[in-house]
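In: this one's sequence-less:
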């Protein structure tokens with residue numbers, strides 16, 4: 001059973017306590033950025049910080065992690081659902097798996113993290129991409 005969704009203010013970031021994969025320093029990171037490459041504030045090494053074993057994933061509203069967003073745009077069986085949504089948002093999804101990428105409709109490359117954060121900052125777009133995800137993950 002999925003957790004209940006309680007409407008809240010999308011402008012207030014939800015923080016998750018994560019650990020550096022290199023030095024294991026724990027720090028807070030925005031939930032929507034989980035799965036994105038970022039430097040550790042302690043050792044400065046770039047890595048993909050994650051929730052430590054035994055930690056908890058904060059859940060609020062329709063927020064989605066970057067890791068989940070990348071799964072949506074890179075996994076071929078999901079393309080029938082996510083492709084039309086991304087086109088409505090002015091972007092085209094190209095490639096699959098580790099070759100997945102985004103472009104604006106004029107061919108300009110779009111950084112996937114920037115696209116994800118853009119979707120997560122709008123209440124309606126956040127809800128819409130969440131609904132797309134639920135349509136393929138259920």
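Out: Received, thanks. Remember, it's a predicted structure, so these values are computed and weren't measured experimentally.

In: Tell me what the residue nearest to residue 95 when sequence neighbours are not counted is bridged to.
Out: Sequence neighbours aside, residue 101 is the residue nearest to residue 95 in space, at 5.3 Å (criterion: CB to CB, 6 or more residues apart in numbering). Where C-beta positions appear, they are placed from N, C-alpha and C, glycine not excepted. Beta-bridge partners recorded for residue 101 (DSSP bridges): residue 94.

In: Does residue 26 touch residue 19 like I think?
Out: Yes: with contact defined as CB atoms under 8 Å, residue 26 reaches residue 19; the gap is 5.1 Å.

In: if I read this right, residue 113 contacts residue 66, doesn't it?
Out: Yes: with contact defined as CB under 8 Å, residue 113 reaches residue 66; the gap is 6.0 Å.

In: And the two? Which one has more around it.
Out: More neighbours surround residue 66 than the other of residue 113 and residue 66, with 23 against 17 (other CB atoms under 10 Å).

In: outside of stretch 98-109, which residues touch it?
Out: Stretch 98-109 is contacted by residues 70, 73-74, 86-87, 90-95, 110-112, 115 when judged by CB atoms under 8 Å, 6 or more residues apart in numbering.
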